[in-house]
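Asks: this is the structure alone, sequence omitted:
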Ligand SMILES: Nc1ncnc2c1ncn2[C@@H]1O[C@H](COP(=O)(O)OP(=O)(O)OP(=O)(O)O)[C@@H](O)[C@H]1O
């Protein structure tokens, strides 16, 4: 399989507001793609469309060769479930279940799906918590954790279902600056392990360091796409950076 994600002429409108205007791109296996761009340019909407959290108004999305939506027509409900199950999503605001412990958060979906034995699920949650540096937090509740710790739990939770693709929607935007590093380190480790990822982020330096490719969105379109070297040499991006820094 050569393409993990193939997006063709994706269009999305909210009422009369056209948020995505024929956006096309593809992601190869093992690629880490960062999506950057000014606020309101459609980055989150594009990402959410891939996992059917937004219903698109035109175009096609094909995940690992399977069409989620083709020329605006969606697959059947069961195919949509299967296709979106191959992707894990990490949100800006963590979205942990407050009434479950850290371990409970990790194990809820796999225990509900019953695809694996309970012992295997428990072993995996232990391993993944160790991987994100939180082995000692398995039995605490999310309210006891810092934002950076919560986000690392959310990443471990997304990994519990063995996704082929991970999507990050501004994973550090809700964090105090001193807590972003611990989350970015985990994402970088996943990139080093060749996890296929799309990361929507405002962290320009991180995008430059971790991404194989950068997609720069502006006003619902892909303004530029290329390697970090190509994109960070671009005068258009420089103008946006100055603008963002002033904000
Ligand atoms: N549910 C919705 N209903 C109406 N408009 C929406 C909805 N969701 C997003 N929008 C609008 O779509 C546009 C793109 O939003 P989106 O969140 O995709 O941008 P973004 O590039 O991710 O921005 P940011 O960096 O601020 O998160 C914005 O104008 C936003 O107000």
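Replies: Nice, I can see it. Please read these numbers as outputs of a predicted model, since none were measured by experiment.
Asks: which bits of the protein sit near the ligand?
Replies: Residues of the chain lying near the ligand by CB under 6 Å from any ligand atom: 14, 17, 19, 37, 39, 40, 41, 42, 43, 44, 45. C-beta here means a position set from N, CA and C on the backbone, and glycine is covered the same way.
Asks: would you list those residues in TSV and tack on distance to residue 223?
Replies: Formatted as TSV, the residues of the chain next to the ligand follow (distance: CB to CB, whole Å):
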residue	distance to residue 223
14	21
17	19
19	15
37	7
39	14
40	14
41	8
42	11
43	12
44	17
45	16
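Asks: ok, of these, which come out buried?
Replies: The neighbour-count test (16 or more other CB atoms under 10 Å) marks 19, 37, 41, 42, 43, 44, 45 as buried among these.
Asks: all strands for this structure, in order.
Replies: 5-14, 17-27, 32-36, 58-63, 66-70, 73-74, 87-90, 165-169, 196-200, 213-218, 221-226 (DSSP state E).
Asks: ignoring the adjacent residues along the chain, who's closest to the residue positioned nearest the centre of the chain?
Replies: When CA atoms, centre = their mean is applied to the chain, the residue found nearest the centroid is residue 167 (1.7 Å). Of all residues not flanking residue 167 in the chain, residue 89 sits nearest, at 4.7 Å (CB to CB, 6 or more residues apart in numbering).
Asks: out of the buried ones among the residues of the chain next to the ligand, which is nearest to residue 184?
Replies: Residue 184 lies nearest to residue 43 out of those, by CB to CB, at 17.5 Å.
Asks: and the closest one, what does it touch?
Replies: 35, 36, 37, 200, 217 (CB atoms under 8 Å, 6 or more residues apart in numbering).
Asks: now do the contacts for the closest residue to the third one other than its chain neighbours.
Replies: Distance criterion CB to CB, 6+ apart; nearest residue to residue 37, sequence neighbours excluded, is residue 217 at 3.6 Å. Under the criterion of CB under 8 Å, 6+ apart, the neighbours of residue 217 are 23, 35, 36, 37, 41, 42, 43, 46, 223.
Asks: so what pLDDT did residue 217 get?
Replies: Model confidence at residue 217, expressed as pLDDT, equals 95.
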